[in-house]
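Participant: Generate a structure from the sequence data that follows.
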Amino acid sequence: MKPLRLFAVIALFCVTSALFSTATVYGADTKIRRVLVLSIDGMHSLDLALWAKNNPNSTLGKLYAQGMKYTNATTTKPSDSIPSTVGIFTGASPALGGMYYDDAYHRGWFPPGSGCSGSPGAVIDLKQGINLALDGSTGVDPNKVPMRLVNGKCVPVLPHDMLRVNTVFEMIKAGKGGEGKDDDDEKGGKSRTAYSEKRPAYDFLNGPSGKGVDDLYTPEIACFPFTPPATCNNALLKLADTEAFDELRVRSVINEIDGKDHTGTVSVGAPVLFGMNFQSVNAAKKDSLLPIVSGYADDFSTPNADLAHALGYIDGAIGRMVSELAAKGLTDTTAIIITAKHGETSLDPSKRFVESTSAIQKVLNLAGIPGVPAPPAAAPAIAKLTEKATAYIWLKNQSQTLSVASVLTTQANETTLNTAQVLSGESLKLLFPDPLSDPAPPDIILVPNPGTTYEPTVQVLAEHGGFNENDVHVPLLVVHGPSITPGLVRAVVTTTQIAPTILALLGLDTQSLDAVRLEGVKVLPGIQTKSGGGKD
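Facilitator: As a prediction, the model looks like this:
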């Protein structure tokens with residue numbers, strides 16, 4: 001680090017009443033040895049900007065002032081948690097990663113328990129339905145996932161088997177670790193990885209090897225708190241429960257900062273890559289019953305009391321992590337990345353439009369599409385219909401694609417369904433592989449106007465998983481006082497660039513990522529580290 005640059009950093013710390021309590025001393029060890037990744041699910045880029053503006057002395061406010069801000073960052077399309085998380089930790093788009101939704105379909109796999117007999121085609125459930133134990137404590141049940149033939153043998157398709165590209169966790173575990181001796185070398189911390197997510201289906205973070213994350217902590221969010229023989233409660237349905245669920249994982253991260261496993265009982269060394277996702281903002285936007293719904297008090301995205309509470313909780317939780325890094329002397333060697341898997345629609349409460357999940361089937365039935373009876377009867381022509389902030393349709397008979405798309409694009413039906421665009425055929429292939437040759441992508445995607453959600457009832461007040469501004473425009477902030485100069489980038493970037501950026505921050509070869517080689521994913525602009533940003 002050049003002395004002049006050091007003085008600029010110290011001056012910034014003085015002006016902003018620096019969050020990090022350990023002073024940066026010229027000549028001290030400031031090599032980035034670990035990266036902490038935090039996803040605040042449901043947060044829009046504007047949410048973070050407003051919070052930082054109105055709370056400049058908060059943890060997030062100070063990090064925002066000290067970091068490199070990417071104010072025009074977009075997550076994957078679809079913006080569901082699954083493909084978005086894949087993008088963050090592999091660099092891959094859904095087209096390359098092969099995972100499209102937590103509720104999807106694969107034409108080449110077989111249903112659970114089928115023994116790979118009969119016709120292929122299986123629904124993919126990446127929610128609590130595949131847990132071995134209700135609370136998620138024992139991982140995924142191989143008897144509840146799809147099956148496939150491998151060398152003539154019928155085997156389960158676990159979540160990590162669904163991923164088509166490698167992960168940053170795997171690259172760290174593969175011995176491509178940082179240069180020089182780390183304080184945690186003797187404890188095994190040099191290549192150690194950890195992460196916490198909301199359910200066991202996030203086994204896919206392990207990557208195709210199944211071994212990428214040493215300490216993967218995945219309690220089930222839909223089963224909180226779990227006290228046998230009591231039934232499960234969905235923590236997302238009540239903000240206080242969601243914050244309590246997040247707190248389980250916050251404690252796990254603090255334990256890992258202390259050099260222990262997520263339980264805090266085993267000394268293993270601080271991880272090279274670790275972090276968690278927060279669900280509290282997601283819950284505040286989905287479930288707030290205050291007079292103006294969706295987490296906002298007005299059309300200018302002012303947080304209502306529920307959203308403000310969730311943001312305050314998360315700010316304090318991240319503050320405790322930062323304080324623990326300082327207490328353990330890890331501040332100058334740890335980079336922090338803050339982002340979100342997805343936003344939440346509607347950002348503008350007056351644009352909120354809830355459409356019944358039976359509406360699409362109803363219009364197809366009225367048009368006489370074979371195999372589509374009136375709802376609520378099951379439609380044998382539809383292999384899978386996933387409806388959230390956008391609708392995804394997998395058809396049993398793909399020769400029906402044109403006729404189904406033609407019905408959905410009539411003026412009357414576009415009005416009924418509040419449709420902005422229907423993707424199929426050539427328009428869909430601009431974004432994804434041809435569903436006639438790739439077994440994973442949907443045949444038709446119905447993109448509604450901004451603010452629309454498809455829900456069985458109006459009780460869910462916001463949703464994600466779509467293509468619109470509300471869904472995809474997320475915060476992205478990279479902080480490391482000694483080597484990342486504070487700045488602002490308004491150019492379009494994507495959360496898939498986080499993966500190579502993690503490796504670059506650690507001084508690793510970004511070309512080791514499949515997504516970098518196959519899709520040309522770049523390190524985020526403006527990231528220059530002492531190691532030169534890695535090989536890009």
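
Participant: what sits against residue 242?
Facilitator: 221, 235-236, 279-280, 282-284, 310 (C-beta atoms under 8 Å, 6 or more residues apart in numbering). Heads up, the C-betas are built off the backbone N, CA and C, glycines and all.

Participant: Which of those fall within strands?
Facilitator: Using DSSP state E, no member of these falls in strands.

Participant: Sitting in helices, which of those residues do you find?
Facilitator: Using DSSP state H, the subset of these located in helices is 280, 282-284, 310.

Participant: Tell me the one of the contacts of residue 242 nearest residue 329?
Facilitator: residue 280 (29.6 Å; C-beta to C-beta).

Participant: Next one: the nearest residue to that closest one once chain neighbours are set aside, what pLDDT does it get?
Facilitator: Distance criterion C-beta to C-beta, 6 or more residues apart in numbering; nearest residue to residue 280, sequence neighbours excluded, is residue 310 at 3.9 Å. You'll see residue 310 listed with a pLDDT of 97.

Participant: For residue 310, give me its contacts.
Facilitator: 239, 242-243, 280-281, 283-284.

Participant: next one: residue 35
Facilitator: 272-275, 334-337, 502, 505-506 are the contacts of residue 35 under C-beta under 8 Å, 6+ apart.

Participant: Quickly note the distance from it to residue 193.
Facilitator: Between residue 35 and residue 193 the computed distance is 10 Å (C-beta to C-beta, to the nearest Å).

Participant: Find residues that contact each of the two.
Facilitator: Common neighbours of residue 35 and residue 193 (C-beta under 8 Å, 6+ apart) are 272-274.

Participant: how many neighbours does the closest residue to residue 328 other than its chain neighbours have?
Facilitator: Closest residue to residue 328 apart from its sequence neighbours, by C-beta to C-beta, 6+ apart: residue 257 at 5.9 Å. Residues contacting residue 257 under the criterion other C-beta atoms under 10 Å number 24.

Participant: Spit out the contact partners of residue 257.
Facilitator: 270, 321, 324-325, 328, 330 are the contacts of residue 257 under C-beta under 8 Å, 6+ apart.

Participant: again, but for residue 435
Facilitator: Taking C-beta under 8 Å, 6+ apart, one finds 394, 398, 401, 428, 441-443 in contact with residue 435.

Participant: Out of the contacts of residue 257, which sit inside helices?
Facilitator: 321, 324-325.

Participant: is it possible to export the shared contacts of residue 35 and residue 193 to a markdown table including distance to residue 517, pLDDT and secondary structure?
Facilitator: A markdown table is the format used below for the shared contacts of residue 35 and residue 193 (distance: C-beta to C-beta, whole Å; pLDDT from 0 to 100; DSSP: H, G, I helix; E, B strand; the rest coil):
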| residue | distance to residue 517 | pLDDT | secondary structure |
| --- | --- | --- | --- |
| 272 | 22 | 97 | coil |
| 273 | 20 | 98 | strand |
| 274 | 26 | 98 | strand |
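
Participant: Residue 418 and residue 447 touch, don't they?
Facilitator: No: contact between residue 418 and residue 447 fails when scored by C-beta atoms under 8 Å: they sit 10.3 Å apart.

Participant: Roughly how far does the residue nearest to residue 328 sit from residue 85?
Facilitator: For residue 257, the distance to residue 85 - C-beta to C-beta - is 22 Å.

Participant: related to what we said a few turns ago, what's the most distant pair in the ones in helices among the contacts of residue 242?
Facilitator: 282 and 310 (8.6 Å).

Participant: can you map out the strands along the stretch 151-300 of the chain?
Facilitator: 153-156, 194-196, 215-217, 273-278 (DSSP state E, counting those that start in this stretch).

Participant: Check the stretch 1-150 of the chain too.
Facilitator: Using DSSP E, counting those that start in this stretch, strands in the stretch 1-150 of the chain cover 34-40, 68-70, 73-74, 103-106, 122-125, 147-150.

Participant: repeat for the stretch 351-500 of the chain
Facilitator: Going by DSSP E, counting those that start in this stretch, the stretch 351-500 of the chain shows strands at 353-356, 382-387, 391-395, 419-424, 444-448, 452-455, 473-474, 476-479, 487-489, 493-494.

Participant: Just put these in CSV and tack on mean pLDDT.
Facilitator: CSV is the format used below for these (pLDDT from 0 to 100):
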stretch, mean pLDDT
strand 353-356, 81
strand 382-387, 96
strand 391-395, 97
strand 419-424, 96
strand 444-448, 97
strand 452-455, 84
strand 473-474, 98
strand 476-479, 98
strand 487-489, 96
strand 493-494, 98
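
Participant: Would you mind saying which of those strands lies nearest residue 166?
Facilitator: Across the strands of the stretch 351-500 of the chain, residue 166 has its closest neighbour in strand 493-494 (18.4 Å, C-beta to C-beta).

Participant: Name every strand pairing with the closest one and say which way it goes.
Facilitator: strand 73-74 (parallel) (DSSP bridges).

Participant: Centre of the chain to the strand it pairs with, how far?
Facilitator: 13 Å (C-alpha atoms, centre = their mean, to the nearest Å).

Participant: before we move on, what about stretch 429-443?
Facilitator: 22 Å.

Participant: Now the terminal residues of it, how far apart.
Facilitator: Start-to-end span of stretch 429-443 (C-alpha to C-alpha, to the nearest Å) is 10 Å.

Participant: Go through that stretch and flag the buried ones.
Facilitator: 429, 432-433, 435, 439-443 (16 or more other C-beta atoms under 10 Å).

Participant: Repeat that for stretch 473-493.
Facilitator: 473-486, 489, 493.

Participant: So of the residues you listed, which two are at opposite extremes in space?
Facilitator: The largest separation in those, counting by C-beta to C-beta, is between 473 and 482 at 30.0 Å.
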